[in-house]
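[1] sequence plus the predicted model coming up.
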Amino acid sequence: MITRRVFVGALAGGIVAAPLAAAAQQAGKVYRIGILANVPLTDSQGARLWGAFIQGLRELGYVEGKNITIEWRFSEGKYERLPELAADLVRLKVDVIVAPATQNVAVAKQATGTIPIVMTGSGDPVGSGLVVSLARPGGNVTGLAVLSTEIVGKQLGLLKEMIPKVSRVAILWNPTLQPHRRSVEAAKIAAHSLGIQLHALEAQRPDDLERAFAAMTRERVGALLVLRDAVFLLHSRRIVGLAAKSRLPAMSEGKDELDNGGLMAYGPSLSDNFRRAATYVDKILKGAKPADLPVEQPTKFELVINLKTAKALGLTIPQSLLLRADEVIQ
């Protein structure tokens with residue numbers, strides 16, 4: 001099993017010779033970057049996304065052990081641990097905190113009003129009160145948004161295009177997450193326009209998953225939309241297995257679930273977001289104030305389809321969808 005130290009060392013290895021950005025740091029200054037994350041580096045998605053962030057830093061001339069030190073803190077899907085982890089980073093007096101999700105950013109903001117915080121993809125930073133506006137954040141938080149409420153309508157539309165006769169769709173969500181609440185409301189509006197009856201089923205812990213899928217069977221739903229959540233990501237293999245057992249076509253926001261056998265994914269490129277987050281860290285370390293750095297919205301979206309899963313479910317993927325897919329898993 002890969003360790004965090006080995007992971008970071010491997011990413012940093014071989015880049016000492018990379019040219020450093022001339023103004024990237026004060027002479028001899030070693031900056032400390034705090035990471036308040038959920039999915040650990042031992043997870044494939046954690047390794048992929050944080051690898052993109054490290055690559056972004058590398059391209060800007062930051063080398064772990066040379067001019068930056070990275071303090072990794074992971075909740076591993078246990079959100080109740082976030083306040084303790086955030087307080088630890090504040091005690092260490094890190095120069096900047098990088099957080100991947102709305103709840104992480106919110107906890108970091110509660111822990112400090114002075115240390116800059118960079119988001120790698122908040123679902124709704126304005127609605128969640130993390131920033132005043134996307135153009136002028138106005139506090140110590142900036143970074144990238146994924147605007148999940150706008151994505152769910154597109155995801156439901158893609159499910160309807162793949163399965164034209166589908167009339168009942170389940171949406172798996174975590175009621176403790178504010179962005180999920182707004183996404184469910186947006187999904188209800190989109191479902192109504194598509195002639196779909198939406199069944200919102202809650203799951204906060206891994207033990208809730210079997211109960212949720214039992215409800216899907218009782219409700220006779222024809223497809224499933226899974227919102228992005230650290231608990232769901234860490235247990236994506238289990239969710240995909242339950243969907244397969246129930247013969248439910250499942251849509252997710254990230255393609256990692258498809259590696260475990262999911263059917264289709266649509267959403268912003270999170271790897272691109274994580275790499276772009278490094279540019280915010282760079283600007284802040286050079287003296288920029290988060291309040292003056294506009295929040296970026298995603299510009300790159302990915303549609304991924306798993307043909308192997310489609311065949312197992314007896315589905316024929318419309319050619320129009322295949323032609324638009326960024327990646328097709330055979």
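    Looks like it arrived, so ask away.

[2] where does pLDDT dip in the chain?
    Applying pLDDT under 70 to the chain flags residues 1-27.

[3] ok, which stretches of it are strands?
    Remark: strands assigned in the chain by DSSP state E are 31-37, 68-74, 96-99, 117-122, 141-145, 168-173, 197-202, 223-226, 250-252, 264-268, 301-306, 327-329.

[4] tabulate the ones you listed in a markdown table, adding columns for distance to residue 62.
    For glycine as for every other residue, the C-beta is placed from the backbone atoms N, C-alpha and C. Shown next, in a markdown table, are the strands of the chain (distance: least, CB to CB, whole Å):
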| stretch | distance to residue 62 |
| --- | --- |
| strand 31-37 | 8 |
| strand 68-74 | 5 |
| strand 96-99 | 11 |
| strand 117-122 | 13 |
| strand 141-145 | 17 |
| strand 168-173 | 37 |
| strand 197-202 | 41 |
| strand 223-226 | 35 |
| strand 250-252 | 32 |
| strand 264-268 | 24 |
| strand 301-306 | 27 |
| strand 327-329 | 30 |
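
[5] next, format these as CSV and append mean neighbour count and distance to residue 292.
    Output for the strands of the chain, formatted as CSV (neighbours: other CB atoms under 10 Å; distance: least, CB to CB, whole Å):
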stretch, mean neighbour count, distance to residue 292
strand 31-37, 23, 19
strand 68-74, 19, 23
strand 96-99, 27, 15
strand 117-122, 28, 14
strand 141-145, 27, 8
strand 168-173, 24, 34
strand 197-202, 18, 39
strand 223-226, 26, 36
strand 250-252, 27, 35
strand 264-268, 25, 24
strand 301-306, 20, 28
strand 327-329, 15, 37
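
[6] contacting residues around the residue nearest to residue 113 when sequence neighbours are not counted?
    Distances taken as CB to CB, 6 or more residues apart in numbering put residue 140 closest to residue 113, at 5.9 Å, once the chain neighbours are dropped. Residue 140 makes contact with 109, 112, 113, 114, 115, 116, 117, 290, 291, according to CB atoms under 8 Å, 6 or more residues apart in numbering.

[7] any idea how far residue 140 lies from residue 41?
    The gap separating residue 140 from residue 41 is 26 Å, by CB to CB, to the nearest Å.

[8] tell me how many other residues crowd residue 139.
    17 (other CB atoms under 10 Å).

[9] burial of the closest residue to it other than its chain neighbours, as a residue count?
    Excluding the flanking residues, the one nearest residue 139 by CB to CB, 6+ apart is residue 291, at 5.9 Å. Residues within reach of residue 291, counting by other CB under 10 Å, total 15.

[10] what does the one 5 residues further on give?
    Counted by other CB under 10 Å, the residues lying close to residue 296 total 18.

[11] residues touching it, list them.
    Counting by CB under 8 Å, 6+ apart, residue 296 has contacts 143, 144, 145, 276.

[12] what does residue 219 give?
    By CB under 8 Å, 6+ apart, the neighbours of residue 219 are 168, 170, 199.

[13] dump those to TSV, plus distance to residue 242.
    Below are the contacts of residue 219 laid out as TSV (distance: CB to CB, whole Å):
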residue	distance to residue 242
168	17
170	11
199	15
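
[14] and which of the residues you listed is nearest residue 66?
    Relative to residue 66, the closest of these is residue 170; by CB to CB it sits at 49.2 Å.

[15] ok, the closest one to residue 191 distance?
    Counting by CB to CB - residue 170 and residue 191 are separated by 11 Å.

[16] how about residue 51?
    36 Å.

[17] and those two? which has more neighbours close in?
    Each of residue 51 and residue 191 has its neighbours counted (other CB under 10 Å); residue 191 has more, 25 against 18.

[18] and the residue found closest to residue 146 once you drop the neighbours it is linked to in the chain, what does it touch?
    Of all residues not flanking residue 146 in the chain, residue 121 sits nearest, at 4.3 Å (CB to CB, 6+ apart). Taking CB under 8 Å, 6+ apart, we find residue 121 in contact with 100, 101, 143, 144, 145, 146, 268, 270, 273, 274, 298.

[19] who's in contact with the residue lying closest to residue 175 once chain neighbours are set aside?
    Spatially, and ignoring its direct neighbours in sequence, residue 175 is nearest to residue 202 (4.9 Å; CB to CB, 6+ apart). Taking CB under 8 Å, 6+ apart, we find residue 202 in contact with 173, 174, 175, 208, 212.
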